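Asker: need a structure here:
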Amino acid sequence: DQTFYLDARLDWKRSFGKHNMTAMFMYMMREYRNGVLPNRNQGYSGRDTYDYDNRYLVEFNFGYNGSENFAPGKRYGFFPAGSIGWVVSEEEFMKKASWIDFLKVRASYGLVGSDNVSSRFPYLAFYGGGSGYDFGNNFGTNVGGTSEGNLANANLTWEKARKLNVGIDFTTLNQRLALTIDAFYEYRFDIITDMNSDGIMGYPDIVGKDAALQNLGEVSNRGVDIELSWNDKIGKDFRYYIRPNLTFSRNRLEYKAEVARKNSWRKETGKRLYENFVYVFDHFVADQEEADRLNKIGYQPWGQLIPGDVVYKDLDRNGVIDDEDRTAMGNPRSPELMFGIPFGFQYKNFDFSVLLQGATKSSILLNGAAVFDFPQFEQDKIGRVKKMHLDRWTPETAATAKYPALHYGTHDNNKNGNSSLFLYDASYLRLKNVEIGYNVSPKLLRKFHVQQARIYVQGLNLLTFDKLGDVDIDPETKSGDGASWYPIQKVFNFGIDITF
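Answerer: Residues are numbered from 1 along each chain as shown. Model (predicted):
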């Protein structure tokens, strides 16, 4: 593999009086060779800045980028952006507010683009090898054939996003207290969409080919970032700090050419991305009489029910459970709210630091060995039960059971990967890092011609608090059967840093 880069840059800078100006223009070309036909892209970018007396700030930048993934005429995209800032603390009327060390308000708005596609040259139609034809006695001779490749879209172009950010930076009390707040909004449009994706209105099977990639998805996202810090000292030798931060972000699917849905609760459009659409647990089958009644009308499509099996809610009241009875519950897998709390102190030669990390507004939908009793594996192998299955339904525990009656191997009704029974709150708080250190006295180090030495002990992933209980799986693992999950490791380190 070979990668070639070519960058050319021109910079300009000038100040006159209280006016300061800069400008930059750059050309970029990249070529990646891995086979017969190299990958190439190129582009131009520029930036202009102006400030008056370090109080009023203006910046404009742009990118003019080209991608081989799009047809001539659609290949280049122009992406401008601009920002303004006002350092309020530099104003004359703020001089009396001596308790304010720094205050700045700022805003930016711009357009960005992406050329990320699943295959090269989606604007071109190709022919490739086919299954061919058989001739001769007993059709023993095969003549290779040619078949049509993926359908092309010559109008495919850049995926784009408009981004707006408004922020404030503030410090006070002799730099001890600092606050940064950023509110953001993003609107993605012309999203490059695979028309063969689930829930997309593509071509019917009779066409024989999937629809070509299209620029048609739209998604909005808004949120806020907040960081607060406090640094101070007590007496001569004790210093401490705490720097909590959080990010809240919520998206919305504005458009995706979704297939027609009969009921609003089944629609993805207008909801958050990657919602968990599940069958809603109603109750466990109480007795054989209820099981016979439900089986007679074919209430659920996953085989015969017995006492202790799951009964799902018929949301559309058509008398049977089908795909239209799935609805969005909980939260998407990606947390909407994430936070961290680093804090620590230093006393003479000792230092101590802690990092707490957490997330909430997140759900995880599990299946397979992660939650099912006696799960079915390949080659007809059957897994074991877990502690959570002690809460199974039996005639004696019918009033308190949290898990259905046990079934050996496959049972698609109870062990359903789209059941709300297996949708869990994935909120957590983790003691991510603890470290204690000691800086050896310089007087002692000089005897050994050492400039600095620090001894430390560190622990990682020491404690986790979550709401998963006996499910016993890491709250940061992805939804599914837990096959990709490896138990989180507690790590203890001891080290010495030496500078000569």
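Asker: check what pLDDT the nearest residue to residue 33 once chain neighbours are set aside gets.
Answerer: Excluding the flanking residues, the one nearest residue 33 by C-beta to C-beta, 6 or more residues apart in numbering is residue 2, at 4.4 Å. The way it works is simple: take the backbone N, C-alpha and C, and place the C-beta from them, glycine included. On pLDDT, residue 2 comes in at 87.
Asker: what about residue 2, how many neighbours?
Answerer: 8 (other C-beta atoms under 10 Å).
Asker: how about it, what does it touch?
Answerer: By C-beta atoms under 8 Å, 6 or more residues apart in numbering, residue 2 lies in contact with 32, 33, 34.
Asker: which residue is nearest the centroid of the protein?
Answerer: residue 334 (5.3 Å; C-alpha atoms, centre = their mean).
Asker: isn't it right up against residue 362?
Answerer: Yes. Assessed by C-beta atoms under 8 Å, residue 334 is found in contact with residue 362 at 6.8 Å.
Asker: same list (the contacts of residue 2) but as TSV, adding neighbour count, distance to residue 343 and pLDDT.
Answerer: Shown next, in TSV, are those (neighbours: other C-beta atoms under 10 Å; distance: C-beta to C-beta, whole Å; pLDDT from 0 to 100):
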residue	neighbour count	distance to residue 343	pLDDT
32	14	45	88
33	13	50	87
34	10	47	82
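Asker: among these, which are in strands?
Answerer: 32, 33 (DSSP state E).
Asker: so for the longest helix seen in the chain, what gets flagged as buried?
Answerer: Longest helix in the chain, counting residues (DSSP state H): helix 288-296. Buried residues in helix 288-296, counted by 16 or more other C-beta atoms under 10 Å: 290, 291, 294.
Asker: check the offset of that helix from the chain's centre.
Answerer: When C-alpha coordinates are averaged (C-alpha atoms, centre = their mean, to the nearest Å), helix 288-296 and its chain have centres 44 Å apart.
Asker: just give me the neighbour total for residue 453.
Answerer: 18.
Asker: ditto for the one 5 residues further on
Answerer: Residue neighbour count, defined by other C-beta under 10 Å, stands at 15 for residue 458.
Asker: what is the distance between the helix or strand where it lies and the centre of its chain?
Answerer: Assigned by DSSP states H and E, residue 458 falls within strand 452-466. Relative to the chain's own centre, strand 452-466 is displaced by 27 Å; criterion: C-alpha atoms, centre = their mean.
Asker: mind listing the helices for this protein?
Answerer: Going by DSSP H, the chain shows helices at 288-296, 442-446.
Asker: residue 381: which of those helices is closest?
Answerer: Nearest to residue 381, of all these, is helix 288-296, at 29.4 Å by C-beta to C-beta.
Asker: helices or strands next to the closest one in the packing?
Answerer: Packed against helix 288-296, as judged by 3 or more C-beta pairs under 8 Å, 6 or more residues apart in numbering; DSSP states H and E, are no other helices or strands.
Asker: try it again at 10 Å.
Answerer: strand 310-312 (3 or more C-beta pairs under 10 Å, 6 or more residues apart in numbering; DSSP states H and E).
Asker: show residues contacting the strand it packs on.
Answerer: For strand 310-312, the surrounding residues in contact (C-beta atoms under 10 Å, 6 or more residues apart in numbering) are 278-286, 290-291, 294, 299-300, 302, 305, 321, 325-326, 393, 403-405, 411, 413-416, 418-421.
Asker: repeat that for stretch 416-423.
Answerer: 276-282, 300, 302, 310, 312-313, 323, 326-327, 329-331, 363-368, 370-372, 402-404, 413-415, 471, 479-481.
Asker: centre of the chain to that stretch, how far?
Answerer: The answer for stretch 416-423 is 22 Å, by C-alpha atoms, centre = their mean.
Asker: try stretch 96-106
Answerer: 36 Å.
Asker: pull out the buried residues from that stretch.
Answerer: 101, 103, 104, 106.
Asker: just the ones of these in strands?
Answerer: Filtering the buried residues of stretch 96-106 for strands - DSSP E - leaves 101, 103, 104, 106.
Asker: kindly state the pLDDT recorded for the first one?
Answerer: Among the per-residue scores, residue 101 holds a pLDDT of 95.
Asker: show me what contacts the residue nearest to it when sequence neighbours are not counted?
Answerer: Spatial nearest neighbour of residue 101, chain neighbours left out: residue 171 (4.4 Å); criterion: C-beta to C-beta, 6+ apart. Contacts for residue 171 (C-beta under 10 Å, 6+ apart) come out as 89, 100, 101, 102, 103, 104, 177, 178, 179, 180, 229.
Asker: counting neighbours, what do you get for residue 89?
Answerer: The local packing of residue 89 (other C-beta under 10 Å) involves 18 other residues.
Asker: and residue 44, bridged to which residues?
Answerer: residue 27, residue 64 (DSSP bridges).
Asker: for residue 128, same thing?
Answerer: residue 147.
Asker: likewise for residue 255?
Answerer: Beta-bridge partners, per DSSP bridges, of residue 255: residue 218.
Asker: just residue 419 next, same as before
Answerer: Beta-bridge partners of residue 419, as defined by DSSP bridges: residue 279.
Asker: what about the strands in the stretch 1-150 of the chain?
Answerer: 2-16, 19-33, 39-52, 56-67, 76-87, 100-114, 127-135, 141-148 (DSSP state E, counting those that start in this stretch).
Asker: equivalent analysis for the stretch 251-400 of the chain, please.
Answerer: Using DSSP E, counting those that start in this stretch, strands in the stretch 251-400 of the chain cover 276-279, 281-284, 310-312, 326-329, 337-347, 350-360, 363-365.
Asker: for those, give me JSON lines that also has mean pLDDT and mean neighbour count.
Answerer: Formatted as JSON lines, the strands of the stretch 251-400 of the chain follow (pLDDT from 0 to 100; neighbours: other C-beta atoms under 10 Å):
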{"stretch": "strand 276-279", "mean pLDDT": "98", "mean neighbour count": "22"}
{"stretch": "strand 281-284", "mean pLDDT": "97", "mean neighbour count": "16"}
{"stretch": "strand 310-312", "mean pLDDT": "97", "mean neighbour count": "23"}
{"stretch": "strand 326-329", "mean pLDDT": "97", "mean neighbour count": "18"}
{"stretch": "strand 337-347", "mean pLDDT": "97", "mean neighbour count": "17"}
{"stretch": "strand 350-360", "mean pLDDT": "97", "mean neighbour count": "17"}
{"stretch": "strand 363-365", "mean pLDDT": "96", "mean neighbour count": "22"}
